[in-house]
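1. Sequence first, predicted model second:
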Amino acid sequence: MGLPSVAAAMKGAGTVAVLFLMAATPLRADDSLAALGAGGLRLLTSEDVAMEHQDLVLSPDLVSVAFTFRNRSPTPVESLVAFVLPDLTPEDYRRRFPDAPPRGDNFLSFEGEVDGRAIVPQWEIRAIASDGADITDRLAAAGAGPSYFALDRQSDTRERLRRAGFVDEDGIPVWTMRTRLYWRQAFPVSRPVVVEHRYRPLVGEMALFVPMLEDSPVGHGLATDYCMSAADKAAALAMDTTVSNDDRMVVVRFIDYTLTTGANWKGPIGDLSVTVDAGAPDHLVATCFPGLRRVTPGRFEARARDVEPTEDIRLMIIGPR
């Protein structure tokens, strides 16, 4: 479902989620419950812990989110809680990091607190092949890890991975990168537990070429993928013309947010608040996420109660640079 035309108002939304993992004894809760097994985290469904509130703020520079959970069972619950990112595909990598991708282990600059106390999460990154198979161990045997952002860029390493079929001719990984951060969490009976975190989204950017907006024989264009109306496309074309006359360029940035794990808690999300900051008043924002309304130039909000999310949030921002 599209939002009001970019020509009259911008639109948007973006990435993240919190989940639970079963501990050694049966435990419950989440954006999703999960079990930690030989193949990594396995998501389950909470029967006891409800998400009463989720306050989400999305921008190209920072994603921040606050959750309020409440254990509605008669006994305390303890489990692993996981922060889940949307999968990052080879196509995403090409779109978002055509020049210099981020480097290092904490590529998100993740920070979080539970009831005001800092948390230090553990990381799980898995490599998933196009057929859904987990190839993390096969990558390790070839001398590489599953993170796009920790790959050895030396030519001999890249050639070895290319021969093994793990990267293409340009050195781009062919697997999907699946990332989760997790920590142990207690949920006392009835008392609210507030989980907050912030991170730098994997936005990246690329120059906008007008044909990228249109469908082609080989796939959908960005206009279809992000529910742009004819007026939206016209606004993007007008921006491209204006910026070109000033010897500048129009760039596209993408933000994703995993919202569907909110359906794994006990009952719906009680109160959902989404705020989108486009980064500048003249930036265009496209998304298929419904319900946002413009409150100031470049800023949009949505409010809803008793939400059972069925789709994640995907955001495209178009602006001059």
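-> All right, it came through fine.
2. so where's the chain uncertain?
-> Low-confidence segments of the chain (pLDDT under 70): 1-45, 98-100, 104-105, 153-155, 218-219.
3. redo that, cut-off 80
-> For the chain, the stretches with pLDDT under 80 are 1-46, 80, 95-107, 151-157, 204-205, 210, 216-220, 245, 261-265.
4. Which helix runs longest in it?
-> helix 230-245 (DSSP state H).
5. ok, so what distance separates residue 174 from residue 82?
-> Applying CB to CB, to the nearest Å, the value for residue 174 to residue 82 is 26 Å. All C-beta atoms are positioned from the backbone trio N, CA, C, and that covers glycine.
6. Going by neighbour count, list what's buried in stretch 85-92.
-> 85-86, 88-90, 92 (16 or more other CB atoms under 10 Å).
7. Over to that stretch now: how far is its first residue from its last?
-> 13 Å (CA to CA, to the nearest Å).
8. my guess is residue 314 meets residue 288, correct?
-> Yes - applying CB atoms under 8 Å, one finds residue 314 in contact with residue 288, separated by 6.7 Å.
9. Need the residues touching each of these two.
-> residue 226 (CB atoms under 8 Å, 6 or more residues apart in numbering).
10. now, which of the buried residues of stretch 85-92 sits nearest residue 116?
-> residue 85 (24.1 Å; CB to CB).
11. What residue, apart from its backbone neighbours, is nearest the closest one spatially?
-> residue 179 (4.5 Å; CB to CB, 6 or more residues apart in numbering).
12. pretty sure residue 80 contacts residue 187?
-> No - Residue 80 lies out of contact with residue 187 (CB under 8 Å); the separation is 11.9 Å.
13. all helices of the stretch 51-200 of the chain, in order?
-> 90-96, 136-141, 155-163 (DSSP state H, counting those that start in this stretch).
14. so which of these comes closest to residue 320?
-> Closest among those, using CB to CB: helix 90-96, at 18.4 Å.
15. other SSEs contacting that closest one?
-> Counting contacts by 3 or more CB pairs under 8 Å, 6 or more residues apart in numbering; DSSP states H and E, helix 90-96 is packed against strand 250-257.
16. re earlier: looking at residue 174 and residue 82, which has the bigger crowd around it?
-> residue 82 (27 against 16; other CB atoms under 10 Å).
17. tell me which residues of the longest strand that the chain contains are tucked away?
-> Under DSSP state E, the strand in the chain containing the largest number of residues is strand 176-187. Judged by neighbour count (16+ other CB under 10 Å), strand 176-187 contains these buried residues: 176-183, 185, 187.
18. what sits against residue 206?
-> 95-96, 98, 251-252.
19. Kindly recompute the last result at 10 Å.
-> 94-99, 212, 251-254 (CB atoms under 10 Å, 6 or more residues apart in numbering).
20. what do you get for residue 162?
-> 168-171, 174.
21. ok, and the most crowded of those?
-> Most surrounded of the contacts of residue 162: other CB under 10 Å gives residue 174, at 16 neighbours.
22. State the distance from that one to residue 149.
-> Taken as CB to CB, the span from residue 174 to residue 149 is 16 Å.
23. can I see the domain layout of the chain?
-> 18-135+175-203+257-313, 139-172 (automatic domain parsing).
24. winner for burial among those?
-> domain 18-135+175-203+257-313 (a mean of 18; mean count of other CB atoms under 10 Å).
25. so who does residue 169 touch?
-> So residue 169 contacts residue 162 (CB under 10 Å, 6+ apart).
26. if I look at it, how far off is residue 97?
-> 17 Å.
27. Alright, calling it a day.
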